[in-house]
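Participant: Could you look at this predicted model? Sequence included:
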Amino acid sequence: GVVILVAFELGARSVDPVAGPLDPPRFAISDAGRSVIDIQTDRIERLEFANELSSKYGIGADLATAIHEIALAQGVDPPLAFELVRVESGFNPRAVSPAGALGLTQLMPGTAQVLSPGISRAEILDRNTNLQLGFRFFRSLLDRYGRDVRLALLAYNRGPVTVDQLLAAGIDPSNGYAETVMRRIQASSD
């Protein structure tokens, strides 16, 4: 069978100011027509990269790989995605906030329903589903706020309605959340 792997550019650095220092290795989209040595080399590079992420964030390689790959698939800069998950849940896939937010990305059930109608609580707590929906929601906020990471983070934390109302009233919606995430990104890239 054809093995599908996520494609990365070898040595490409993000131009995003919050990008981290890790460069993901290049992976093939398909193994069709590739030599066994090339396939194995890509797999080894992928495992080494997963190990680097695991060490950097102090989490299992499978979770590190999932966060990285799902962030890329949803159009979110991976270092930002890692820090969002760290701040939201401490990398705990079973985290539940006092307000009822669930999982790694601390999705509110109502937000999850908008993103995936009919989704169950168990599905929201599924690691990959939670990451996909949380990062998709965050990406929608980046788009909504013209790629302004600070405003997108604030809207993720406070809700876009609250942020919009405060902005319309001429009030800065800052509550320290965006600064915490951004500071953690800066610290992890040093």
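Facilitator: Received the coordinates, thanks. Quick caveat: nothing in here was measured; it's all calculated off a predicted structure. Numbering: from 1, shown residues only.

Participant: For stretch 79-96, give me every contacting residue.
Facilitator: Contacts with stretch 79-96, where a contact means CB atoms under 8 Å, 6 or more residues apart in numbering, come from 14, 16, 18-20, 53, 57-59, 63-64, 67-68, 70-71, 76, 101-106, 125, 127, 130-131, 134-135, 138, 149, 153, 156, 177, 180-181, 184-185, 188-189. For the C-beta atoms, the positions are set from N, CA and C on the backbone; glycine is no exception.

Participant: now do 7 Å
Facilitator: 18-20, 57, 59, 63, 67, 71, 102-106, 125, 127, 130, 135, 138, 149, 180-181, 184-185, 188-189 (CB atoms under 7 Å, 6 or more residues apart in numbering).

Participant: Mark which of these are buried, thanks.
Facilitator: 18-20, 57, 59, 63, 67, 71, 102-106, 125, 127, 130, 135, 138, 149, 181, 184-185, 188 (16 or more other CB atoms under 10 Å).

Participant: And the residue nearest the centre of the chain?
Facilitator: residue 81 (2.9 Å; CA atoms, centre = their mean).

Participant: separation between residue 48 and residue 188?
Facilitator: From residue 48 across to residue 188, the span is 19 Å (CB to CB, to the nearest Å).

Participant: scratch that, residue 157 is what I was asking about
Facilitator: From residue 157 to residue 188 the distance is 19 Å (CB to CB).

Participant: Same question for residue 168.
Facilitator: Using CB to CB, residue 168 is found at 34 Å from residue 188.

Participant: pLDDT score for the residue nearest to the centre of the chain?
Facilitator: On the pLDDT scale, residue 81 is placed at 96.
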